[in-house]
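Chemist: Compute the structure for the input listed below.
(one chain, ligands or ions: 2)
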Amino acid sequence: MFKLLSFSLLLSTATAFCPLNSALSGSRPKCFAFYNYPLTFDQADTFCYNLGGRLASITDAFESATISSQVRADSPTVNAFWIGARSVDNRTYTWADGTPFTYQRWASGEPRYPCGVVQLSSSSWLTEQCPTMLPFACALDPSGTNPPCESGWSWRQPEAACYKIIRNFDTFDSAENGCKSIGAHLASIHTSSENDWIYDQGTANYKLGVTEHDLQTWIGLKRDCQSCQWYWTDGSALNYTQWTKDEPADDYSNQNCVEIYTDDATGLGSSNVRNWNNVKCDNAKRNAICKKPQNR
Ligand SMILES: *[C@@H]1O[C@H](CO)[C@@H](O)[C@H](O)[C@H]1NC(C)=O
Ligand SMILES: *[C@@H]1O[C@H](CO)[C@@H](O)[C@H](O)[C@H]1NC(C)=O
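Modeler: Ligands and ions are numbered 1, 2, ... in the order given. The predicted structure follows:
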C-alpha cells in the first residue's frame, strides 16, 4: 500500500519512477538498486553500466540512509558492498558516474585502497582492493530498465536466474506448487558453483540465528516411481549430480524426491552438507528453493 501510494505520488510530482526493487533518492533523480551477487569492483560497475547506470554515488546523508535501508531490506546478512568511489592515489576519490565528490563519510583510518565500500554496521565508508568480490549498489536513472530479479529474489549471473528460499516446511509437491505459483520451479542445479551457492542460500537461517532442526532444502529433482529416471521439475537436462556417499538409496520405498543437506545440526557432519539425499516426497519440515529465469 505504502509503495503504491509513493509510486503514484512520484508519478504525479516528478514523472519519474524507479525500476522494481530500487529506491528513489530524495535529493536527485537517481534510483538505488542493490545486487546481492559478489563481483569485483570493475565487474560490478560494468553490470550497473549494462543496466543504464554506474556503481552508486552518494551525495548526502539522506541518500546514505536510503541505500542502507534498501540493502538491509533486501539482504539482512550483508554488511559491506561496493559503491562507485574510486581513486588512483588512494587519497582523492571520484564517483564512477561523474558526480562531484563533495560528500564523504570515511571511517577513521580510511581511505587506504583504491575502491570504496559501505560498511553498514558503522554506517561509514571503507576502502578495499578492487579485485575483492562484494555485493554492490548501482545508481540507475529513473524509468530505466528493470533489474534481473524482483525484490526478495537473489540473482546469479552465470545461470541468468533468480532464486528464492521458501521456509514453510512443506512436502515436495506442495513446495513445487508454491514455486509454480510465483512463476518458478524448485531449483535445478547444473554446476558445483551453483550447488555451493544454493547451499549458502539454504543455510541463511542459521546465519540469522534460527535454530530449528532438520531444515534440509528441497531441490527440483524427483522420479515418478522407484525404478523411474530422475528428472528436474523445470525440464532442464540432468547433467550434474551431488549425491551423498551411498545415495541415492532405497532404504525405504518411494524415496522419490531429493533434498540438499543444508542443516548439519542433526549430526550429519560437515562432509555431508551440500550433498543430496533422496527421501519420501511427503516428508515435511523442509525449506524449498525456487528458481526462475531472470527478467529481460
Ligand atoms: C594504492 O593502493 C594500491 C593497493 O594497495 C596499490 O597497489 C597502489 O600502488 C597504491 N597507489 C598509490 C599511488 O599509492
Ligand atoms: C549442464 O548444462 C548447463 C546448460 O547447458 C551448463 O551451463 C552446465 O555447465 C552443464 N554442467 C556440467 C557439469 O556440464
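
Chemist: quick one, strands of the stretch 151-296 of the chain?
Modeler: Applying DSSP state E, counting those that start in this stretch to the stretch 151-296 of the chain gives strands spanning 154-156, 161-166, 185-186, 217-222, 231-232, 257-260, 276-279, 287-293.

Chemist: Tell me the helices and strands packed up against the fifth one.
Modeler: Right, the one you point to is strand 231-232. Helices and strands touching strand 231-232, by 3 or more Cβ pairs under 8 Å, 6 or more residues apart in numbering; DSSP states H and E, are strand 217-222. For every residue, glycine as well, the C-beta is placed using N, CA and C.

Chemist: buried residues in the strand it packs on?
Modeler: For strand 217-222, burial by neighbour count (16 or more other Cβ atoms under 10 Å) applies to 217-222.

Chemist: Note down every partner strand of that strand and its orientation.
Modeler: As defined by DSSP bridges, the strand partners of strand 217-222 come to strand 231-232 (antiparallel), strand 257-260 (antiparallel), strand 287-293 (parallel).

Chemist: Any residue of the shortest one touching ligand 2?
Modeler: If I follow you right, that is strand 231-232. No: figure legend: strand 231-232 not in contact with ligand 2 (Cβ under 6 Å from any ligand atom); closest approach 10.8 Å.

Chemist: same check, this time on the longest one
Modeler: No: applying Cβ under 6 Å from any ligand atom, one finds strand 287-293 separated from ligand 2 by no less than 12.6 Å.

Chemist: how much space between the residue nearest to Arg286 when sequence neighbours are not counted and Val71?
Modeler: In space, and not counting its chain neighbours, Arg286 is closest to Trp218: 5.0 Å by Cβ to Cβ, 6 or more residues apart in numbering. Trp218 sits 28 Å away from Val71, going by Cβ to Cβ, to the nearest Å.

Chemist: contacts for stretch 65-78?
Modeler: If you take Cβ atoms under 8 Å, 6 or more residues apart in numbering as the criterion, stretch 65-78 is touched by 21-26, 32-34, 36, 56, 58, 81, 83, 118, 120, 123, 135, 137, 151-152, 154, 204, 207-208.

Chemist: what do you get if the cut-off is 7 Å, keeping everything else the same?
Modeler: Contacts of stretch 65-78 with the rest of the structure, by Cβ atoms under 7 Å, 6 or more residues apart in numbering, involve 23, 25-26, 32, 34, 36, 56, 58, 81, 118, 120, 123, 135, 137, 151, 204, 207-208.

Chemist: Let's see that stretch as CSV, backbone CA atoms only.
Modeler: What follows is stretch 65-78, C-alpha atoms only, in CSV (Å, rounded to 0.1, in the frame of the first residue of the first chain):
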residue,chain,number,x,y,z
ALA,A,65,20.3,6.2,4.6
THR,A,66,18.2,5.3,1.6
ILE,A,67,20.8,2.9,0.2
SER,A,68,21.4,1.3,3.6
SER,A,69,17.8,0.6,4.3
GLN,A,70,17.4,-0.8,0.7
VAL,A,71,20.2,-3.2,1.3
ARG,A,72,19.0,-4.2,4.8
ALA,A,73,15.5,-4.9,3.5
ASP,A,74,16.9,-7.0,0.6
SER,A,75,19.6,-8.9,2.3
PRO,A,76,19.8,-8.7,6.1
THR,A,77,23.1,-10.6,6.4
VAL,A,78,25.1,-8.3,4.1
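
Chemist: Might you report the residue contacts of the nearest residue to Met133 once chain neighbours are set aside?
Modeler: Excluding the flanking residues, the one nearest Met133 by Cβ to Cβ, 6+ apart is Pro38, at 3.9 Å. The contact partners of Pro38, taken as Cβ under 7 Å, 6+ apart, are 133-135.

Chemist: Closest one of those residues to ligand 2?
Modeler: Closest to ligand 2 out of the contacts of Pro38 is Met133 (20.3 Å), distances taken as Cβ to the nearest ligand atom.

Chemist: So the closest one versus Pro29, what's the distance?
Modeler: Taken as Cβ to Cβ, the span from Met133 to Pro29 is 30 Å.

Chemist: now swap in Trp230 and tell me
Modeler: 51 Å.
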